[in-house]
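Visitor: Model the structure of this input:
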Amino acid sequence: MLQLGVIADIHGDLNGFLRAIHLFAREQVFHIVCAGDIVDRGSAADRIVTLLQKLPATCVKGNHEYTMLRSLPRWRASARSAQLARVGRIITDDTLAFIERLPDTALVTIAGVRVLIAHGTPWSDVADVFPDSRQSRFTRLREQYGSMSDVIVLGHTHRPMHVRCGGLHILNPGSVYGVTGRDSHSCGILTLPECRFRVFDLVSGEEQEVPIIER
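Guide: Presented below is the predicted three-dimensional model:
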């Protein structure tokens, strides 16, 4: 039995990230997967990336990484660069190089379970998957990716989710970022090979109820 730490949508929130890492240490997590959006909004992306690179972690790009790659030269040249830095839009060259290297998707196999990591969906960094999304979205996930993966980890929505579509588990840990009302401020732990998924509140450290939804 192995514990996989699951995070997404950190958005430069150092406090939330450190709470997640502390919780993972408490739960004896073996490896960490991050489903994108490490940067932007919070001001601590550089520190978070430095810490991430010291951890056994597999990360992918999110839409905010793509925004950063497109916009950073303009933001650095702006007369408002100090203000932009406070909302996470100025990063170091080392952090830039790290996010440039991140893949769009990643596949890891742990305890014999194949885990595919993406941000919005494996085909789009901005597509949403909610528990009540139209059935065609879940059918596409199962038909296109079910033969290569047992679990798909997604982010982007800032909402925890555990959907089972046939034999495929589709998970979202919610957002580490916890500033606005739409942010869940949470992380997940996936126990393998059983595929038991638990979501934890990053303020209380307590487990949240996330029901398994059949689609």
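
Visitor: How about the secondary structure of residue 17?
Guide: Here residue 17 is recorded as helix under DSSP: H, G, I helix; E, B strand; the rest coil.

Visitor: Tell me who's in contact with it.
Guide: 7, 10, 44, 48, 51, 176 (C-beta atoms under 8 Å, 6 or more residues apart in numbering). Bear in mind the C-beta positions are built from the backbone N, C-alpha and C, glycine included.

Visitor: Which of the residues you listed fall in helices?
Guide: By the criterion of DSSP state H, membership of the contacts of residue 17 in helices covers 48, 51.

Visitor: Which two among the contacts of residue 17 are spaced furthest apart?
Guide: The span of these, defined through C-beta to C-beta, is set by 7 and 44 at 14.6 Å.

Visitor: Which one's more surrounded, those two?
Guide: Between residue 7 and residue 44, residue 7 has the larger neighbour count (other C-beta atoms under 10 Å), namely 29 against 20.

Visitor: you'd agree that one is up against residue 29?
Guide: No - the pair residue 7 / residue 29 is not scored as a contact, 10.4 Å apart, by C-beta atoms under 8 Å.

Visitor: Now render the contacts of residue 17 as TSV, adding distance to residue 76.
Guide: What follows is the contacts of residue 17, written out as TSV (distance: C-beta to C-beta, whole Å):
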residue	distance to residue 76
7	28
10	22
44	18
48	19
51	23
176	26
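
Visitor: Nearest to residue 117 among the contacts of residue 17?
Guide: Nearest to residue 117 among the contacts of residue 17: residue 7, at 10.6 Å, using C-beta to C-beta.

Visitor: low-confidence ranges in the protein?
Guide: For the chain, applying pLDDT under 70 flags no range at all.

Visitor: Helices of that one, start to end?
Guide: Under DSSP H, the chain gives helices at 14-26, 45-52, 63-77, 81-86, 93-101, 135-145.

Visitor: do you know which of those helices lies nearest residue 160?
Guide: Residue 160 lies closest to helix 14-26 among those, at 13.2 Å (C-beta to C-beta).

Visitor: got the buried residues for the closest one?
Guide: Buried residues in helix 14-26, defined by neighbour count with 16 or more other C-beta atoms under 10 Å: 14, 16, 17, 18, 19, 20, 21, 23, 24.

Visitor: Stretch 183-196 now?
Guide: Of all the residues in stretch 183-196, those buried under the rule 16+ other C-beta under 10 Å are 183, 184, 185, 186, 187, 188, 189, 190, 192, 195.
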